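[1] With the input below, show me the fold.
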Amino acid sequence: QSDPAMARNCNKSGINTSNGKRVYVGTTQTVMTQHAGLIGLVDYLRSSNMWDLIVEKVGQHLPRSKRKSKHDSEAMLLQRLIALFVGKEDLNDHDNWKDPILLQVLGVSELASSSTLSRMESQVTDALLHEMNACLLEIFLRKEDPSMIWLDADSTPVPVEGYQEGTEYNGHYRCNCYLPLVIFANGLPIQVTFAGGTADGRNLLEKEIYDITETMQTRFPGTPIVLRGDAGFNRPVILDELEKRGCYYIIGFAPNTAVETMAADEWQPETTKYSIRASDGASIARALGDIEYVPQSWKKSPNKEVRRVIARHQVAPVPKVTDKQRQNPEVTMEADLRLVVTNIPRTGIAHSPLGLADAHAELLYEVHYCQRAHSCEDRFSELKSGMFGARASAHRMRTNWYRMMLSAIAMHVFHYIRKDRFKGAELDGRLWLNIEINRFRQLAVNVTAALVECATRLTIRINPRNIYNFEGFEMLTGIKPKPTEPPAEAG
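    Have a look, this model is predicted:
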């Protein structure tokens, strides 16, 4: 009855509902979509010139069909991105994907089938992958005007179940996997480098980080750049080169016997804090401060005097049930020493935003270094799970790399559309910008609506009773839905 035209052209039946309402039956041209938010999302992709940038960067390197095809490569690339937007990561989903709004946003008469998409992705080249990485960086450079750039580098496992090309067994993760290196800039992926499961992340980082920092320094002169990473990326030659280029770093440092002895006997921490362990109420002592330690590997470094080693030493009673206690019942206390090395001076970084004016040990370790948990580890979860970047079911390594690149581009689109169109709006006390990708997809993109199409108009009608979908659709598209007129009486 929400369609007045239908209400005027329906037949009265002899059936009543349980609550006494008479049933009328008629026909209508209305069809249903489950992805009404795609209208606003694809509109943003085009109006923000992001799609033009993607085509400009990667268009000439996209695989082209050697035989006559009704689908061009750019349209298939957009189709794959749209599928990721709505949560359809498998190519088989495209064969049975009959949602009527898809042809509207793609501007085509028919979707490419899974076999057509597979043929395209099996021909991916290194040149295309290189340009897709360049596209990620260029999107960040055009959309951001940062006062400070935090680069987070880390490797992440992509487990596989078959015999995919280039996979290796990783003893740490205990699986056959790829081990790609991903570099994030202020929480957004700007470089994805695929590698086998035993690849050394330091080698991959050394190949990529210098070009990235040089490009950023050219585009944002005077903006401080800080690289963060765990101890697996600590290599003296990388530290030397970053210092030479005027960049900063906070990188983990693996403890050894000498520094452990120094921390236990000679070290005078700057700060000592105490807390209570929630599980058993035990008291935990946590000390932080600079430690006067110079490794042998730094002896030939020209700028070793600017480096600081920051220690975080935590001592706590051994929990009542642990493997360690079973092996040695006499051990009652356990110590956990963590180290980072940085070239950020105590006086802070000149022209840096508030927060690094006084770079004391506690601030650098507990605030800025531990921030990697959000800007890197959480982002890995969004890239691999929310955007399906860990989907590595193809045999060819380049194809699996290409699919993670698609996920990274889709992640950029989701971030910037929330930043530009939701502009500080909140959902249950939390910014739309910060909600999980899956929840944003559910509330703003996968919105069920009725479509009425005529020669010159496409009408979308959504249910205002679902307040979250209603608000999400309104902000995503920039259109305030017009209230539906009361239904006309039918006979």
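
[2] Pro481 is in contact with Glu474, correct?
    Yes - under the criterion of Cβ atoms under 8 Å, Glu474 makes contact with Pro481 at 6.6 Å. Backbone N, C-alpha and C define where each C-beta goes, glycine included.

[3] low pLDDT regions in the chain?
    1-14, 26-28, 68, 320-333, 350-357, 482-491 (pLDDT under 70).

[4] rerun at 80
    Across the chain, the ranges flagged by pLDDT under 80 are 1-29, 65-69, 278-280, 318-335, 348-358, 453-455, 464-469, 479-491.

[5] for it, longest helix please?
    If you go by DSSP state H, the chain has its longest helix at helix 397-417.

[6] I'd like to know which elements that one is packed against.
    When contacts are defined as 3 or more Cβ pairs under 8 Å, 6 or more residues apart in numbering; DSSP states H and E, helix 397-417 packs onto helix 38-47, helix 50-58, helix 73-86, helix 114-121, helix 126-143, strand 188-193, helix 437-440.

[7] most packed of the ones you listed?
    Neighbour counts (mean count of other Cβ atoms under 10 Å) averaged over each of those peak at strand 188-193, with a mean of 23.

[8] Distance of Phe470 relative to Ala36?
    Phe470 is 11 Å from Ala36, where distance means Cβ to Cβ, to the nearest Å.

[9] likewise Ala392?
    Distance, Ala392 to Ala36, using Cβ to Cβ: 31 Å.

[10] Helices of the stretch 151-300 of the chain, start to end?
    201-219, 236-244, 257-265 (DSSP state H, counting those that start in this stretch).

[11] Format the ones you listed as a markdown table; extra columns: mean neighbour count and distance to Tyr178.
    Below are the helices of the stretch 151-300 of the chain laid out as a markdown table (neighbours: other Cβ atoms under 10 Å; distance: least, Cβ to Cβ, whole Å):
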| stretch | mean neighbour count | distance to Tyr178 |
| --- | --- | --- |
| helix 201-219 | 17 | 12 |
| helix 236-244 | 17 | 23 |
| helix 257-265 | 13 | 34 |
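
[12] what about the ones you listed, which gets the closest to Gly162?
    Among the helices of the stretch 151-300 of the chain, helix 201-219 comes nearest to Gly162, with 23.9 Å by Cβ to Cβ.

[13] out of the helices and strands packed on helix 397-417, nearest to Glu260?
    Closest to Glu260 of the helices and strands packed on helix 397-417, according to Cβ to Cβ: strand 188-193, at 33.8 Å.

[14] would Ile460 count as being in a strand?
    Yes - assessed with DSSP: H, G, I helix; E, B strand; the rest coil, Ile460 lies in a strand.

[15] mind listing what it touches?
    By Cβ atoms under 8 Å, 6 or more residues apart in numbering, the contact set of Ile460 is 33, 36, 39, 449-451, 481.

[16] In strands, which of those residues fall?
    The members of the contacts of Ile460 that map onto strands under DSSP state E are 33, 449-451.

[17] neighbours of the closest residue to Leu151 other than its chain neighbours, just the number please.
    Excluding the flanking residues, the one nearest Leu151 by Cβ to Cβ, 6 or more residues apart in numbering is Leu227, at 4.7 Å. Applying other Cβ atoms under 10 Å, we find 23 residues neighbouring Leu227.

[18] pretty sure Leu227 contacts Ile251?
    Yes - between Leu227 and Ile251 there is a contact at 7.0 Å, judged by Cβ under 8 Å.

[19] Most neighbours among the contacts of Ile460, which one?
    Ala36 (25 neighbours).
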